[in-house]
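1. sequence unknown, structure follows:
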């Protein structure tokens with residue numbers, strides 16, 4: 001790996017750590033970059049999951065004030081997300097590599113759609129918070145488990161999925177839901193990452209570069225990211241995602 005490629009990976013991690021805290025879908029930046037420097041799709045996905053964990057942690061810490069009073073709910077949802085991530089990681093490792101290469105363009109396309117409609121999801125959150133349940137019930141647990149499966153297998157826009165479900169089923173403000181989303185994303189990436197460490201091929205240099213970048217990005221995300229126009233962040237994510245789809249299909 002050249003120094004220019006190393007800088008590119010670290011820079012992608014920095015950007016992803018920031019936007020994961022504020023918008024989500026940072027994988028749509030880092031995953032295409034890892035492909036561009038020559039990593040095979042499954043190795044890129046595995047390394048990406050591990051590398052973004054520190055950014056998710058610092059992002060969650062940045063929202064710690066919004067997490068006050070949510071511990072019982074957070075524990076239940078984190079367990080569901082973690083269990084789902086184990087299933088997703090096992091699917092990634094047991095299904096043929098060709099299956100992942102075939103399905104990833106579709107997953108990226110779905111994730112891009114989710115990124116585009118995220119403002120509508122946020123609007124629905126604002127409209128439903130007063131009428132929603134305080135704990136979400138079994139339906140939310142099942143939904144977060146499925147989101148964890150998706151996160152363990154690929155993960156792009158898993159935060160948007162989780163935010164949408166929580167917005168419909170929980171009676172909390174958007175910022176507090178976003179704080180929970182950050183923790184759930186971190187849990188899925190961490191649990192899947194632990195599985196990958198023992199049984200998958202990991203590009204540790206890429207992991208370290210992503211980790212350093214995403215950690216810094218998570219720290220500044222809550223401060224600087226909120227000042228950036230959301231449309232600009234989404235536009236960049238969509239552009240990078242389209243490039244990824246083209247690369248995967250050629």
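-> Looks like it came in fine. This is a predicted model, so every value here is computed, not measured.

2. just give me the neighbour total for the spatially closest residue to residue 58 that is not a sequence neighbour.
-> Taking CB to CB, 6 or more residues apart in numbering, and ignoring the residues beside it in sequence, residue 58 has residue 218 as its nearest neighbour in space, at 3.2 Å. For every residue, glycine as well, the C-beta is placed using N, CA and C. Around residue 218 there are 30 other residues, counting by other CB atoms under 10 Å.

3. please apply the same query to residue 166.
-> The local packing count at residue 166 equals 27, with neighbours defined by other CB under 10 Å.

4. what do you get for the one 4 residues further on?
-> Counted with other CB under 10 Å, the burial measure for residue 170 works out to 24 neighbours.

5. quick check: the gap between it and residue 70.
-> Residue 170 is 10 Å from residue 70, where distance means CB to CB, to the nearest Å.

6. which stretches in this protein count as helices?
-> If DSSP state H is used as the criterion, the helices of the chain fall at 3-22, 27-36, 41-51, 53-62, 71-94, 97-128, 137-153, 158-169, 174-199, 204-224, 230-249.

7. take these and lay them out in CSV including mean pLDDT.
-> As requested, these are arranged in CSV below (pLDDT from 0 to 100):
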stretch, mean pLDDT
helix 3-22, 90
helix 27-36, 90
helix 41-51, 92
helix 53-62, 87
helix 71-94, 94
helix 97-128, 72
helix 137-153, 91
helix 158-169, 78
helix 174-199, 89
helix 204-224, 89
helix 230-249, 71
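
8. residue 76 touches residue 142, doesn't it?
-> No. No contact is recorded between residue 76 and residue 142 when judged using CB atoms under 8 Å, the distance being 11.9 Å.

9. so what's residue 56 up against?
-> Residue 56 makes contact with 17, 20, 182, 185, 186, 189, 190, 214, 218 under the criterion CB atoms under 8 Å, 6 or more residues apart in numbering.

10. what about it, distance to residue 245?
-> The value you get for residue 56 to residue 245, if CB to CB is used, is 25 Å.

11. quick check: buried residues in stretch 206-220?
-> By neighbour count with 16 or more other CB atoms under 10 Å, stretch 206-220 contains the buried residues 206-220.

12. what of stretch 94-111?
-> Using 16+ other CB under 10 Å as the test for burial, stretch 94-111 gives 100, 104, 105, 107, 108, 111.

13. between those, which sits nearest residue 201?
-> For the buried residues of stretch 94-111, the closest approach to residue 201 (CB to CB) belongs to residue 100, at 13.2 Å.

14. what residues are up against the closest one?
-> Applying CB under 8 Å, 6+ apart to residue 100 gives the contacts 41, 42, 45, 92.

15. can you rerun that using 6 Å?
-> Residue 100 makes contacts with 41, 42, as judged by CB atoms under 6 Å, 6 or more residues apart in numbering.

16. how near is it to residue 94?
-> Taking CB to CB as the measure, residue 100 falls 11 Å from residue 94.

17. residue 32 too?
-> Following CB to CB, the distance that separates residue 32 from residue 94 is 25 Å.

18. can you check residue 184 too?
-> Relative to residue 94, residue 184 is positioned 24 Å away (CB to CB).

19. before we move on, what about residue 143?
-> The span separating residue 143 from residue 94 equals 24 Å under the rule CB to CB.

20. now do residue 164
-> Between residue 164 and residue 94 the distance, using CB to CB, works out to 29 Å.

21. for the contacts of residue 56, which two are the farthest from each other?
-> Checked with CB to CB, those reach their widest spread between 17 and 190, with 14.6 Å between them.
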